[in-house]
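Asker: sharing a model prediction with you, sequence too.
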Amino acid sequence: MIRTVFPRTLAAVCLATALALTGCTDASQQGSSGSSASGSASPASNDALIDSIKKDDAIAKLVPADIAKNGTLTIGSDATYAPAEFVGSDGKTIIGYDVDYAEAMAKLMGINVKFSNATFDTLIPSVGTKYDMAISSFTITAEREKQVNLVSYFQAGMAKAVQKGNPKKVPADSLCGFTVAVETGTSEEASANEQSKECTAAGKKAVNVLSYKAQTDATTNVIGGKADVSYADSMIIAYSIEQTNGKLEPLGGITDAEPFGVAVGKNDTQLAKAVQAATQKLIDDGSMKKILATWGNESGMIKTSEINPTVK
């Protein structure tokens, strides 16, 4: 499950708002904007938690002098990936658990943050020049680690959801004979089609794959009973369960989980160390779990933050 240069479309960004029958603005049509984790745009709030975090002198000393002097950490993000980073209902404020995490991290460093919205493919090339760092659900890969330092903070994979109570009795380990709703072009669509071939090869019923251009449509059709299972990235599934107020429940666990990382300039090892130290403290003191839980994604917790974990 790798986020590529083809990020989630507007429909995925609008998951919560579409379910609430409200509007949403395509983040790719917005200009760059500063953001904070606060604001009435957010359907979830970690404001009180973030406000309670105090500067950690040991972590603050790790922050590069130029950033500390400026007092602001500039962060690039492609705000099209709810609930990690997306544009709120005000049409301009970037919100999500990545934003809350960045603000909590900055509080430990004793500085502020400013988020800028940009397309996914421009982010990593702009780290170290336009931005101090980028946070945008980057799956950590060896190839990306050649371009930037990546500090792990989260993990995600593939996951499934069914109607509350699993009335169709879908087993967690097989999709054979069931109708599966997926978003077009995703890893899950490819996986469902591959599993269908395996089912028929084994003499079982094929998987009926319903592919939708909008993840919201996939979710809605599971709630309505047209499909038996929703199959998507684990953070999307977790958020859909959170936003549908108990109409959905998870089926099985997360598969093919991989770590996500904060991208820091390849030569900026000092900032990478500051990010790693701040992230580990948020993990150890329980703040990270609370931040993720607010967005229905505590299942993405990791125990240890590392710098370039694929390079050993």
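Answerer: Ah, there it is. Numbering: from 1, shown residues only.

Asker: average model confidence for the host helix or strand of Phe138?
Answerer: Following DSSP states H and E, one finds Phe138 within strand 133-139. Strand 133-139 carries an average pLDDT of 94.

Asker: my read: Ala106 touches Val113, true?
Answerer: Yes: using CB atoms under 8 Å, Ala106 is in contact with Val113, at 4.6 Å. From N, CA and C alone the C-beta is placed, and that goes for glycine too.

Asker: mutual contacts of those two, please.
Answerer: Common neighbours of Ala106 and Val113, counting by CB atoms under 8 Å, 6 or more residues apart in numbering, are Leu73.

Asker: quick check: Leu108 touching Lys281?
Answerer: Yes: under the criterion of CB under 8 Å, Leu108 makes contact with Lys281 at 6.1 Å.

Asker: when those two are compared, which one has more neighbours?
Answerer: Leu108 (24 against 19; other CB atoms under 10 Å).

Asker: now for the strand holding Phe138, which elements pack on it?
Answerer: Strand 133-139 sits against strand 72-77, strand 85-87, helix 97-109, helix 120-126, strand 148-163, strand 248-265, with contacts defined as 3 or more CB pairs under 8 Å, 6 or more residues apart in numbering; DSSP states H and E.

Asker: picking up where we left off before, list residues touching both of Leu108 and Lys281?
Answerer: 56, 59.

Asker: now do the helices in this structure.
Answerer: 10-13, 15-19, 47-52, 57-60, 65-70, 97-109, 120-126, 142-145, 187-201, 215-223, 234-243, 269-284, 287-294 (DSSP state H).

Asker: for Asn166, find the nearest of those.
Answerer: Each of these has some distance to Asn166 by CB to CB; the shortest is helix 215-223, at 11.1 Å.

Asker: in that closest one, what's buried?
Answerer: 215-223 (16 or more other CB atoms under 10 Å).

Asker: hey, what's the angle from that helix to helix 234-243? Just curious.
Answerer: Helix 215-223 and helix 234-243 are oriented at 60 degrees to each other (axes from the mean of the first three to the mean of the last three CA atoms, to 10 degrees).

Asker: mean confidence for helix 215-223?
Answerer: If you average the pLDDT over helix 215-223, you get 91.

Asker: which strands or helices does it pack on?
Answerer: Using 3+ CB pairs under 8 Å, 6+ apart, the elements in contact with helix 215-223 are helix 10-13, helix 15-19, strand 148-163, strand 179-183, strand 208-212, strand 229-233, helix 234-243, strand 248-265.

Asker: what angle separates the last one from strand 229-233?
Answerer: Taking the same axes, to 10 degrees, one finds that strand 248-265 is oriented at 10 degrees with respect to strand 229-233.

Asker: now do the fifth one
Answerer: Angle of strand 208-212 versus strand 229-233, following the same axes, to 10 degrees, is 50 degrees.

Asker: out of the helices and strands packed on helix 215-223, deepest packed?
Answerer: Of all those, strand 229-233 has the most neighbours on average by mean count of other CB atoms under 10 Å, namely a mean of 27.

Asker: elements contacting it?
Answerer: Secondary-structure packing of strand 229-233 (3+ CB pairs under 8 Å, 6+ apart): strand 148-163, strand 179-183, helix 187-201, helix 215-223, helix 234-243.

Asker: nearest to Lys303, out of the ones you listed?
Answerer: For Lys303, the closest of these is strand 148-163, at 10.2 Å, according to CB to CB.

Asker: pull the CA atoms of the closest one into PDB?
Answerer: Below are the C-alpha coordinates for strand 148-163, written out as PDB (Å, rounded to 0.1, in the frame of the first residue of the first chain):
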ATOM      1  CA  VAL A 148      15.100  12.700   1.700                       C
ATOM      2  CA  ASN A 149      15.400  11.500   5.300                       C
ATOM      3  CA  LEU A 150      12.100   9.800   6.400                       C
ATOM      4  CA  VAL A 151      11.200   9.700  10.000                       C
ATOM      5  CA  SER A 152       8.500   7.100  10.800                       C
ATOM      6  CA  TYR A 153       5.400   8.100  12.800                       C
ATOM      7  CA  PHE A 154       2.500   6.000  11.600                       C
ATOM      8  CA  GLN A 155       1.700   2.800   9.700                       C
ATOM      9  CA  ALA A 156      -1.200   1.800   7.400                       C
ATOM     10  CA  GLY A 157      -2.200  -1.000   5.100                       C
ATOM     11  CA  MET A 158      -5.300  -2.500   3.600                       C
ATOM     12  CA  ALA A 159      -8.500  -3.000   5.600                       C
ATOM     13  CA  LYS A 160     -12.200  -4.000   5.200                       C
ATOM     14  CA  ALA A 161     -15.500  -2.900   6.700                       C
ATOM     15  CA  VAL A 162     -19.000  -4.500   6.700                       C
ATOM     16  CA  GLN A 163     -22.400  -3.500   8.000                       C
END
